[in-house]
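[1] Provide a 3D model corresponding to the input given below.
(2 chains)
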There are 2 protein chains.
Amino acid sequence: MPLAPSATTVLAALRNVPAFAHGLVRDLRVRWALEEIGRSYRVELHDAMAPRGPDYRSWQPFGQIPALDDGRVRLFESGAILLHLGEQDERLLPREPQARADTYAWLIAALNTVEPPIMDLQRVDVFRANEPWTREARPGYVHFLQRRLNHVEQALGDREWFAGPFSIADIAMVTVLREVRHTDILDAYPKLTAYKQRGEARATFRQALADQALGLGEPARLPEPA
Amino acid sequence: MPLAPSATTVLAALRNVPAFAHGLVRDLRVRWALEEIGRSYRVELHDAMAPRGPDYRSWQPFGQIPALDDGRVRLFESGAILLHLGEQDERLLPREPQARADTYAWLIAALNTVEPPIMDLQRVDVFRANEPWTREARPGYVHFLQRRLNHVEQALGDREWFAGPFSIADIAMVTVLREVRHTDILDAYPKLTAYKQRGEARATFRQALADQALGLGEPARLPEPA
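    Next up, the predicted model:
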């Protein structure tokens, strides 16, 4: 249970988000990584609706969540924090050269090749759903995402995790795949669906999700495994 | 001049791309990094229009460019290749802890926070410009990108490079900022414009760009500095 009020590692998170975003805000990635290595941390909770001032923007220039201060360095971008933590612990970033390269490849693929078309779909389906153009645009966005997922499904094949051992690539990819939960698109990909469920079934993920919900003022109970 | 026919490091690139993409294909990032550390490489040129077979997809699962084989490991995603090379040379990834964290943060910010809205705009302006919805959608995409660029401009401030010394974060950010060249959006950001020009003025960048053009069958002459 790495949440500890006196920890020197501080994670910026949110205390309130719309129902749509519950369990999706990206501090979850960092919490999960910290659970995997048993590193204690405390949270600094921000109001999702309040503007972030210059102090926070000197830490996170886009005003987004998350940001990390580990008592030694400060940084932002969940993917960057995963790299920073991975560098310190081979349970997150394997030392064997090809597994390490695969971790980099799939971490970046999750963030730069798979997540952007999912964000495009979220925009069309949720954030701008009331704009008329989204109805015409949606099929193209869905098709583009499906092509990407076809490649990911095929590349995963029968592997348990993308780089051999579990790694930050899986923390990124599992949390990215969760972002399409408002649709049934993932159902067409049995390997990716099972992979996502494997990730969500880890005790570390469940603890991270429960602690994120706790920060949001929800009861601190562990979700059932998938 | 790291291009060398007998090099053990192999970079997958393209031999033909539409004019729109000249100087934008992402093997440029890897060439630039290799120039910065003086590492010899040779290219394996692919036809942009031909489907990539299973051999290539076992190297690059999405069938995209670039992919790298350094004789020891194979990997894909330009951002991942930058991390892989950076790990081996502090001229690409500083060793000082805060500078290293800043490099991770701005590398990922370039790829996950700045590039996606630029890709969205490219889609609306170029790849799907003939679809009627794009006219209605465009102002929202422009506005979203401008907000992001405001933050990047402010964060850069008077720094020369994002992490202190030049790093892979700058290779990513400069090449990402080039992707909006079909518009005049960047003109409103004097610091980012000067920053992009500083990157493009490096001899290493100019050599990388010239060698990429050479692979495309263009004359091998260095572009003028900006």
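[2] Three-state assignment for A:Gly86, please.
    Following DSSP: H, G, I helix; E, B strand; the rest coil, we place A:Gly86 in the helix state.
[3] How many residues are close by the nearest residue to A:Arg39 once chain neighbours are set aside?
    Distance criterion CB to CB, 6 or more residues apart in numbering or on different chains; nearest residue to A:Arg39, sequence neighbours excluded, is A:Pro2 at 5.7 Å. For the C-beta atoms, the positions are set from N, CA and C on the backbone; glycine is no exception. Counted by other CB atoms under 10 Å in any protein chain shown, the residues lying close to A:Pro2 total 20.
[4] Could you list the alpha-carbon positions for the helix or strand harbouring A:Arg138 in PDB?
    With secondary structure defined by DSSP states H and E, A:Arg138 is part of helix A:133-156. Taking C-alpha atoms only, helix A:133-156 is exported to PDB below (Å, rounded to 0.1, in the frame of the first residue of the first chain):
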ATOM      1  CA  TRP A 133     -19.700  17.500 -38.200                       C
ATOM      2  CA  THR A 134     -18.800  14.700 -35.800                       C
ATOM      3  CA  ARG A 135     -21.500  12.400 -37.200                       C
ATOM      4  CA  GLU A 136     -19.900  12.600 -40.700                       C
ATOM      5  CA  ALA A 137     -16.400  12.400 -39.300                       C
ATOM      6  CA  ARG A 138     -16.900   9.400 -37.000                       C
ATOM      7  CA  PRO A 139     -16.700   6.400 -39.400                       C
ATOM      8  CA  GLY A 140     -13.300   7.600 -40.700                       C
ATOM      9  CA  TYR A 141     -12.000   7.900 -37.200                       C
ATOM     10  CA  VAL A 142     -13.400   4.500 -36.200                       C
ATOM     11  CA  HIS A 143     -11.900   2.900 -39.300                       C
ATOM     12  CA  PHE A 144      -8.500   4.400 -38.700                       C
ATOM     13  CA  LEU A 145      -8.400   3.200 -35.100                       C
ATOM     14  CA  GLN A 146      -9.500  -0.300 -36.100                       C
ATOM     15  CA  ARG A 147      -6.600  -0.500 -38.500                       C
ATOM     16  CA  ARG A 148      -4.200   0.400 -35.800                       C
ATOM     17  CA  LEU A 149      -5.800  -2.100 -33.400                       C
ATOM     18  CA  ASN A 150      -5.500  -4.800 -36.000                       C
ATOM     19  CA  HIS A 151      -1.800  -4.300 -36.000                       C
ATOM     20  CA  VAL A 152      -1.500  -4.200 -32.300                       C
ATOM     21  CA  GLU A 153      -3.600  -7.400 -31.900                       C
ATOM     22  CA  GLN A 154      -1.400  -9.200 -34.500                       C
ATOM     23  CA  ALA A 155       1.800  -8.000 -32.900                       C
ATOM     24  CA  LEU A 156       0.700  -9.100 -29.500                       C
END
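[5] what angle do it and helix B:133-156 make?
    Angle of helix A:133-156 versus helix B:133-156, following axes from the mean of the first three to the mean of the last three CA atoms, to 10 degrees, is 70 degrees.
[6] So for helix A:133-156, what gets flagged as buried?
    A:133-134, A:137-138, A:140-142, A:144-145, A:148-149, A:151-153, A:155-156 (16 or more other CB atoms under 10 Å in any protein chain shown).
[7] can you list the weak-confidence ranges in chain A?
    Applying pLDDT under 70 to chain A flags the ranges A:1, A:219-226.
[8] Spatially, which residue comes closest to the residue of it most remote from its centre, not counting chain neighbours?
    The centre of chain A is farthest from one residue, A:Pro132, which by CA atoms, centre = their mean lies 30.1 Å away. In this structure, A:Pro132 finds its nearest non-sequential neighbour in B:Glu136, 6.9 Å apart by CB to CB, 6+ apart.
[9] mind listing what that neighbour touches?
    A:Glu131, A:Pro132, A:Trp133 (CB atoms under 8 Å, 6 or more residues apart in numbering or on different chains).
[10] Contacts only, for the last one.
    Spelled out, that is A:Trp133. Per CB under 8 Å, 6+ apart, neighbours of A:Trp133: B:Trp133, B:Thr134, B:Glu136, B:Ala137.
[11] any bit of stretch A:55-67 sitting next to chain B?
    Yes. In terms of CB under 8 Å from any CB of the partner chain, part of stretch A:55-67 sits within range of chain B, namely A:Arg57, A:Pro61, A:Phe62, A:Gly63, A:Gln64.
[12] Go ahead and confirm the fourth one touches A:Arg52.
    Yes. Taking contact to mean CB atoms under 8 Å, the distance of 4.0 Å between A:Gly63 and A:Arg52 places them in contact.
[13] Show the subsequent helix or strand relative to the helix holding A:Arg138.
    helix A:168-178.
[14] could you check the angle helix A:133-156 makes with that next one?
    150 degrees.
[15] For helix A:168-178, name the packing helices and strands.
    helix A:27-36, helix A:78-88, helix A:97-108, helix A:190-201 (3 or more CB pairs under 8 Å, 6 or more residues apart in numbering or on different chains; DSSP states H and E).
[16] For these, give me TSV that also has distance to B:His46 and mean neighbour count.
    Listed next are those as TSV, based on distance: least, CB to CB, whole Å; neighbours: other CB atoms under 10 Å in any protein chain shown:
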stretch	distance to B:His46	mean neighbour count
helix A:27-36	34	25
helix A:78-88	28	24
helix A:97-108	18	24
helix A:190-201	27	16
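[17] As a markdown table, those helices with distance to chain B would be great.
    Listed next are those as a markdown table, based on distance: least, CB to the nearest CB, whole Å:
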| stretch | distance to chain B |
| --- | --- |
| helix A:27-36 | 12 |
| helix A:78-88 | 4 |
| helix A:97-108 | 4 |
| helix A:190-201 | 13 |
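[18] now those helices as a markdown table including distance to B:Ser6?
    Listed next are the helices and strands packed on helix A:168-178 as a markdown table, based on distance: least, CB to CB, whole Å:
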| stretch | distance to B:Ser6 |
| --- | --- |
| helix A:27-36 | 42 |
| helix A:78-88 | 33 |
| helix A:97-108 | 23 |
| helix A:190-201 | 40 |
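[19] closest to B:Arg31 out of those?
    With CB to CB as the criterion, B:Arg31 lies closest to helix A:97-108 of the helices and strands packed on helix A:168-178, at 17.7 Å.
[20] What are the neighbouring residues in contact with the residue nearest to A:Trp161 when sequence neighbours are not counted?
    Nearest residue to A:Trp161, sequence neighbours excluded (CB to CB, 6+ apart): A:Asp170, at 4.9 Å. By CB under 8 Å, 6+ apart, the contact set of A:Asp170 is A:Trp106, A:Trp161, A:Phe162, A:Ala163, A:Gly199.
[21] Do I have it right that A:Ser167 meets A:Thr103?
    Yes. Using CB under 8 Å, A:Ser167 is in contact with A:Thr103, at 4.4 Å.
[22] Mutual contacts of these two, please.
    Counting by CB under 8 Å, 6+ apart, the contacts common to A:Ser167 and A:Thr103 are A:Gly86, A:Leu93, A:Pro94.
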